[in-house]
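>>> Everything below, folded, please.
(one chain, ligands or ions: 1)
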Amino acid sequence: MSMMGAGVRPGDEVLCPAFTYWSSAAGILQQGGIPVFVDIDPKTYTIDPVLIEEQITENTTAILAVHIHGLVADMDPINEIAAKHGLWVVEDACQAHGATYKGRKAGSLGNVAGFSCNRSKCLSGGEGGILTTNDADIAEVANRCRQINAIDQPNREGFNVYALGWGYRPHELVNAFICSQMDRFDENLARRREFAAFLSEQLADIPGFDGPYTPDYAESCFFTYVVSFDPRQLGLDVSAAEWRKAAGKALAAEGIGLGNWQYEPMPAMNVFADKVGFGKGFPWSFPGARQDIVYRGEDYPRTIEFIATHGYLGGVFPPNEMDLIERYVEGFQKVSENAHRALELAEE
Ligand SMILES: Cc1ncc(COP(=O)(O)O)c(C=O)c1O
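Now for the predicted structure:
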């Protein structure tokens, strides 16, 4: 709906980070838009504003800033570049309920934003979502997605289908759940931040691991808790990727499962690499669309590096209690103390 509201139409190019959850790019494709990927800042793992301008072409209409893992993208430079080139800024705030940038909340940092409220999210209705914008025109256009047929055309009598929508009418029960969760949202968010702060403090003293980097401009909502793997802290002569692999296995044996949103940069996925899209080459085959776009995972080395050397931890949120977080700390401690054994076991 955000893409629709921002006017993304077939053949338009939308810049999107190479590291995100696949749905970010799916939202672009669903409007017939063509995702053009940009590598990430290695520290913040969000889109690197410095790399954006070189990807802008005459077909570019929007920048999708994804606030991944609960950390907001660096929005000031993104908005500046967008203003300079006449582009819309869409926030993918699906993982960022309550996260802030320079004191302002995610969802108020671009032209339009989409939040997911599916079962895993910080604000959940089981399914569903929220769109935010302060632009009445964007709201009106985005709202057309609610119906299969955009039927309520102003200034025309009778039933007239004048455009195609997507049937995104949310279920009222889902909306009611989301509204009721709002009452507990601030408390839950504070608890997430408390758990994350405790874990980061502890991991700082456990060689081999670190918690997520948070730049001064941001307050994360810690949708998921990012762990980085550093073998140098243990004096190990292996790469961070090898350590991540070995330690990940040992942590799993301790009951600590670490996940990744993706295992390779988004452009390496077949839907892009083979330009599958909707089938029959659409949207790349749309008249006027740029024909020279090539999707290759290896063009995104920072995304590759980030995926190989990080993982995310779930469960760092209520209704879990601090005792679970303390157990996590014990597990990290044990793996750190037995790092050589973890590396040996990984070989077996
Ligand atoms: C970054 C990101 N964008 C988009 C989505 C899509 O949200 P939904 O599953 O509610 O469609 C998700 C959630 O899965 C997500 O994590």
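
>>> Now for this protein, the helix or strand with the poorest mean pLDDT.
Within the chain, confidence by mean pLDDT, DSSP states H and E is lowest for strand 258-259 among all helices and strands, at a mean of 90.

>>> Could you give the separation of whichever helix or strand comes after it from the chain centroid?
As assigned by DSSP states H and E, the chain's next helix or strand after strand 258-259 is helix 270-273. Computed by C-alpha atoms, centre = their mean, to the nearest Å, the chain-centroid distance of helix 270-273 equals 19 Å.

>>> Would you map the strands across the chain?
13-17, 34-38, 60-66, 88-92, 100-101, 104-105, 112-116, 129-133, 209-210, 218-219, 225-229, 258-259, 310-313 (DSSP state E).

>>> circling back to that earlier point, what's the least confident helix or strand of the chain packed up against?
helix 240-253, strand 310-313 (3 or more C-beta pairs under 8 Å, 6 or more residues apart in numbering; DSSP states H and E). Where you see a C-beta, it was placed from the backbone N, CA and C, and this is true even at glycine.

>>> nearest to the ligand, of these?
Between the ligand and the helices and strands packed on strand 258-259, the tightest spacing by C-beta to the nearest ligand atom is seen for strand 310-313, at 11.3 Å.

>>> quick one: that closest one near the ligand?
No - contact of strand 310-313 with the ligand (C-beta under 6 Å from any ligand atom) is absent, the minimum separation being 11.3 Å.

>>> I'd like the strands of the chain written out as JSON lines, with distance to residue 290 added.
Output for the strands of the chain, formatted as JSON lines (distance: least, C-beta to C-beta, whole Å):
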{"stretch": "strand 13-17", "distance to residue 290": "7"}
{"stretch": "strand 34-38", "distance to residue 290": "7"}
{"stretch": "strand 60-66", "distance to residue 290": "10"}
{"stretch": "strand 88-92", "distance to residue 290": "19"}
{"stretch": "strand 100-101", "distance to residue 290": "31"}
{"stretch": "strand 104-105", "distance to residue 290": "34"}
{"stretch": "strand 112-116", "distance to residue 290": "24"}
{"stretch": "strand 129-133", "distance to residue 290": "28"}
{"stretch": "strand 209-210", "distance to residue 290": "40"}
{"stretch": "strand 218-219", "distance to residue 290": "34"}
{"stretch": "strand 225-229", "distance to residue 290": "34"}
{"stretch": "strand 258-259", "distance to residue 290": "34"}
{"stretch": "strand 310-313", "distance to residue 290": "32"}
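
>>> Compare those and say which comes out lowest on pLDDT.
Among the strands of the chain, strand 258-259 has the lowest mean pLDDT, at a mean of 90.

>>> Check what pLDDT residue 169 gets.
pLDDT, read off for residue 169, is 86.

>>> Next to the ligand, which bits of this structure? Give me the list.
20-21, 23-24, 66, 92, 94-95, 116, 118, 129.

>>> please redo it, this time with the cut-off set to 5 Å
Residues of the chain found near the ligand (C-beta under 5 Å from any ligand atom) are 21, 23-24, 92, 94-95, 116, 118.

>>> Now render those as JSON lines, adding neighbour count.
Formatted as JSON lines, these follow (neighbours: other C-beta atoms under 10 Å):
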{"residue": "21", "neighbour count": "17"}
{"residue": "23", "neighbour count": "15"}
{"residue": "24", "neighbour count": "24"}
{"residue": "92", "neighbour count": "29"}
{"residue": "94", "neighbour count": "27"}
{"residue": "95", "neighbour count": "27"}
{"residue": "116", "neighbour count": "24"}
{"residue": "118", "neighbour count": "14"}
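
>>> Which of the residues you listed fall within helices?
Counting by DSSP state H, the residues of the chain next to the ligand place 23-24 in helices.

>>> Quick one: the residues of the chain next to the ligand as CSV, columns for distance to residue 266 too.
Conversion of these to CSV gives the following (distance: C-beta to C-beta, whole Å):
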residue, distance to residue 266
21, 9
23, 11
24, 8
92, 12
94, 15
95, 15
116, 17
118, 20
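
>>> center of this protein - which residue?
residue 68 (3.4 Å; C-alpha atoms, centre = their mean).

>>> Domain-wise, how is the chain divided?
2-176, 184-260+303-347 (automatic domain parsing).

>>> partners of the least confident helix or strand of the chain, with directions?
strand 310-313 (antiparallel) (DSSP bridges).

>>> how many other residues sit next to the residue lying closest to residue 59 once chain neighbours are set aside?
Distances taken as C-beta to C-beta, 6 or more residues apart in numbering put residue 13 closest to residue 59, at 4.5 Å, once the chain neighbours are dropped. Residues near residue 13, counting by other C-beta atoms under 10 Å, number 24.

>>> how close does residue 13 sit to the ligand?
Between residue 13 and the ligand the computed distance is 19 Å (C-beta to the nearest ligand atom, to the nearest Å).
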